[in-house]
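Trainee: what's the 3D shape of this:
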Amino acid sequence: MRLAVGLTPMETRREVVLHVATRAEALGYDAFFLAEGWGHDASVLLTEVATRTSRIRIGTGVLNIWGRSAAQIAMLATSLHEISEGRFVLGLGAGSPALAEGLHDVEFRAAVPRLAAMTRQVRSLLDGERFSPGNGSRGLRLAVGPSTVPIMLAALGPAAIRVCGEVADSWSPFLFPVSTLKDGIRVLGHGAAGRALPQVWPCIPAAVSPDPDRARALASWWVEFYLNSMGPLYPTRLRQLGFAAAVDEVVAATGHTPQILLDELTLWGDPATAREGLERCYAAGADMPILTLPPYRSIEELDHMLDALAPALAPCT
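Mentor: This next block holds a predicted model:
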């Protein structure tokens, strides 16, 4: 059973990024993904990761589509593909209004159509085709390549999931309830009609500790932070999926996170309980869950989570 590791945009400590990536390779994890937000350039850090590892796949998990042109993304991808000797996965996502407008000064509009168009443009360039400028100019090809870089898309809503089915090689939802993953895979299949179904690589927040109170507090932090501090996307989608009452309780800042959200959205508890959560994820249709580690934690705490869920200990079914 394949298992990957991911870090959020809030993890900006370079030494931690490098440590997690190299330790994940040593423990047998299949891939390491680094998100980009408002800190480091993910491609630069992944270049360093590539030079310090030899087996593990590496990827952007994810790049937003507002901060670079399709050509810049394609050049980034083909460069990392070469530096990593074919281990690179390009992860893309629509990001958020705060990131697009507050950092890149680009209007956040028609996010799903833009994600679809950007992915197709990048794929075309990686395949060695000419770019098709909207201004009528003669399009250029990349001077390097073609490159067989797999593309992973982050998607939560039905329209974005269908786009993923149409154009991507893997689907990577974040904070997607495990009990509804099969429904998401059906939507993915509708988009993929006529082509192979993309791999299912859900990003799942980790909150693993031998202390049950500490594990619960960390799992609650994940849910509370993303529902209250990251815009309307996550609460809106969870309400659509049938968790309105639980979401309303979190958004009301009652100080209590309903256990159903902890169980559905995170891997939490002691190692044995967290591995049971992984087993549910595989049973729901995940091909490679991405164990997403919390930011701001000590290396010792992160190592405990990596050790606790290392692939050698993951359930084999």
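Trainee: quick one, helices of the stretch 151-300 of the chain?
Mentor: Secondary structure of the stretch 151-300 of the chain (DSSP state H, counting those that start in this stretch): helices located at 158-167, 181-191, 212-229, 233-240, 244-251, 259-265, 271-283, 299-308.
Trainee: and the longest one with helix 299-308, angle?
Mentor: Yep, that's helix 212-229 we're talking about. Counting by axes from the mean of the first three to the mean of the last three Cα atoms, to 10 degrees, helix 212-229 lies at 100 degrees to helix 299-308.
Trainee: Which neighbouring elements make contact with helix 212-229?
Mentor: Judged by 3 or more Cβ pairs under 8 Å, 6 or more residues apart in numbering; DSSP states H and E, the packing partners of helix 212-229 are strand 203-208, helix 233-240, helix 244-251, helix 259-265, strand 267-269. For every residue, glycine as well, the C-beta is placed using N, CA and C.
Trainee: and the last one, what other elements does it pack with?
Mentor: Read that as strand 267-269. Looks like strand 267-269 contacts strand 203-208, helix 212-229, helix 271-283 (3+ Cβ pairs under 8 Å, 6+ apart).
Trainee: what helix or strand is G86 on?
Mentor: Secondary structure from DSSP states H and E places G86 outside every helix and strand.
Trainee: residues in contact with the closest residue to it other than its chain neighbours?
Mentor: Nearest residue to G86 in three dimensions, chain neighbours excluded: T148, at 7.6 Å (Cβ to Cβ, 6 or more residues apart in numbering). For T148, the contact set (Cβ atoms under 8 Å, 6 or more residues apart in numbering) comprises 81, 86, 126.
Trainee: hang on, A111 packs against A94?
Mentor: Yes: taking contacts as Cβ atoms under 8 Å, A111 lies within contact range of A94: 4.0 Å.
Trainee: right, so of the helices and strands packed on helix 212-229, which gets closest to A159?
Mentor: Evaluated with Cβ to Cβ, these place helix 233-240 nearest to A159, the distance being 11.6 Å.
Trainee: which residues are in contact with the closest one?
Mentor: 96, 156-157, 175, 177, 226-227, 244, 246-247, 250-251, 261.
Trainee: chain center to it: distance?
Mentor: 17 Å (Cα atoms, centre = their mean, to the nearest Å).
Trainee: What are the buried residues along that helix?
Mentor: The neighbour-count check on helix 233-240 (16 or more other Cβ atoms under 10 Å) flags 233-235, 237-239 as buried.
Trainee: ok so, going back, between the contacts of helix 233-240, which is closest to D211?
Mentor: Nearest to D211 among the contacts of helix 233-240, counting by Cβ to Cβ, is L261 at 20.3 Å.
Trainee: wait, isn't the closest one in contact with E224?
Mentor: No: assessed by Cβ under 8 Å, L261 is found out of contact with E224, at 9.4 Å.
Trainee: between these two, who's got more neighbours?
Mentor: L261 (23 against 17; other Cβ atoms under 10 Å).
Trainee: can you pull the buried residues of stretch 274-285?
Mentor: The neighbour-count check on stretch 274-285 (16+ other Cβ under 10 Å) flags 274-275, 277-278, 280-282, 284-285 as buried.
Trainee: these two touch, right, K182 and G285?
Mentor: Yes: using Cβ under 8 Å, K182 makes contact with G285 at a distance of 5.5 Å.
Trainee: And the helices in the stretch 1-150 of the chain, which stretches?
Mentor: So, for the stretch 1-150 of the chain - with DSSP H, counting those that start in this stretch - the helices run 14-27, 42-52, 70-83, 97-102, 111-126.
Trainee: what angle separates the longest one from helix 233-240?
Mentor: It stands for helix 111-126. Going by the same axes, to 10 degrees, helix 111-126 makes 110 degrees with helix 233-240.
Trainee: For the residue nearest to G86, grab phi and psi.
Mentor: phi -90, psi 60 (degrees, to the nearest 10).
Trainee: Against M10, how distant is it?
Mentor: Counting by Cβ to Cβ, to the nearest Å, the separation of T148 from M10 is 32 Å.
Trainee: now swap in A21 and tell me
Mentor: 17 Å.
Trainee: So the two - more neighbours on which side?
Mentor: A21 (25 against 14).
Trainee: Look at the residue lying closest to A310 once chain neighbours are set aside and report its pLDDT.
Mentor: Once flanking residues are discounted, A310 sits nearest to L27: 4.2 Å by Cβ to Cβ, 6+ apart. We note a pLDDT of 97 for L27 in this prediction.
Trainee: Would you check that L27 makes contact with M305?
Mentor: No: counting by Cβ under 8 Å, L27 sits too far from M305 to count as a contact (10.9 Å).
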